[in-house]
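Participant: Provided below are the primary sequence and the corresponding predicted coordinates.
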There are 2 protein chains.
Amino acid sequence: MKDKSEVLQGTLDMLILKVVALGPIHGYGIAQRMRQISKEVLQVQQGSLYPALHRLEKRGWLESSWQESESGRPAKFYKLSAEGRKQLAQEQLSWERVAGAIALILRTAE
Amino acid sequence: MKDKSEVLQGTLDMLILKVVALGPIHGYGIAQRMRQISKEVLQVQQGSLYPALHRLEKRGWLESSWQESESGRPAKFYKLSAEGRKQLAQEQLSWERVAGAIALILRTAE
DNA sequence: AATGTGTACCTAGAATGTCGACATATGACG
DNA sequence: CGTCATATGTCGACATTCTAGGTACACATT
């Protein structure tokens, strides 16, 4: 009966990569931006966000550096690596393939 | 580097409910039908399929009965219950909401 | 007669990912 | 001084899917 768990398993990495691709941004900002662009639908929890960021950095798709946030406090800014850009492109293709297939099923008439 | 894992986490239940909604069908047939409709994209593994069917039956969304399959051998046929129909409608709505939100993010220009 | 292939069911264990809850710290504002 | 928004992080629980195994029967091929 959960109403708020809105991030589809397996899509979070792609979404993060995509948001970071829009320009360097810190973790907290990623969550805000995702929420804003998606009109409040996609709400990443912190317990999902930070592990995901570490995962992506470990795999070499993101690079980070400490800088000052807009509010003047320290924050870890992420940017996309070259490999991250490739990965994003691939995940996007895969998403479209699968989402298209699901649409086919859902649209099948009785 | 997995190439074949094609079922998006969280969508399997919905897909199964939808395929069963097309008419009574046995488990093995569900996998075939899904694969066929999706043009070979969605390939459910048996290790995912059967636990899912038991899960769905336990929750009261599917009902089963042993009957003869087309090949003459016994097979467990599933049909959608009234609650299953409701559940399917709800999951479909939720899917469209989330898939739409993801599309918004992916389409955001730099 | 033996072997393989397709149908049809099933389970156990591992891997993964997400969430809820918690913990920490700072700056701004009343 | 307390509270809120910002900002990072961890930990354990939970659900889901996959890999890999198993059983059994029918039919076709060798």
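Facilitator: Yep, it's here.

Participant: List the contacts of residue A:21.
Facilitator: By CB atoms under 8 Å, 6 or more residues apart in numbering or on different chains, residue A:21 lies in contact with A:80, A:84, A:85, A:88, B:110. Glycine gets a C-beta too; all of them are placed from N, C-alpha and C.

Participant: biggest separation within the residues you listed, which pair?
Facilitator: Farthest apart among the contacts of residue A:21 by CB to CB are A:84 and B:110. That separation is 14.2 Å.

Participant: Those two: which is more packed in?
Facilitator: Using other CB atoms under 10 Å in any protein chain shown, the more surrounded residue of residue A:84 and residue B:110 is residue A:84, with 22 against 5.

Participant: now the nearest residue to the more buried one once chain neighbours are set aside: how far from DNA strand D?
Facilitator: In this structure, residue A:84 finds its nearest non-sequential neighbour in residue A:61, 3.5 Å apart by CB to CB, 6 or more residues apart in numbering or on different chains. Between residue A:61 and DNA strand D the computed distance is 15 Å (CB to the nearest atom of the strand, to the nearest Å).

Participant: Repeat that for residue A:7.
Facilitator: 13 Å.

Participant: What of residue A:110?
Facilitator: Distance, residue A:110 to DNA strand D, using CB to the nearest atom of the strand: 23 Å.

Participant: who are the neighbours in contact with the nearest residue to that residue once chain neighbours are set aside?
Facilitator: Using CB to CB, 6+ apart and skipping the chain neighbours, the partner closest in space to residue A:110 is residue B:22 (5.5 Å). Residue B:22 makes contacts with A:108, A:110, B:33, as judged by CB under 8 Å, 6+ apart.

Participant: Now those in a markdown table, please, with extra columns for pLDDT, secondary structure and distance to DNA strand C.
Facilitator: Below are those laid out as a markdown table (pLDDT from 0 to 100; DSSP: H, G, I helix; E, B strand; the rest coil; distance: CB to the nearest atom of the strand, whole Å):
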| residue | pLDDT | secondary structure | distance to DNA strand C |
| --- | --- | --- | --- |
| A:108 | 94 | coil | 19 |
| A:110 | 72 | coil | 21 |
| B:33 | 96 | helix | 11 |
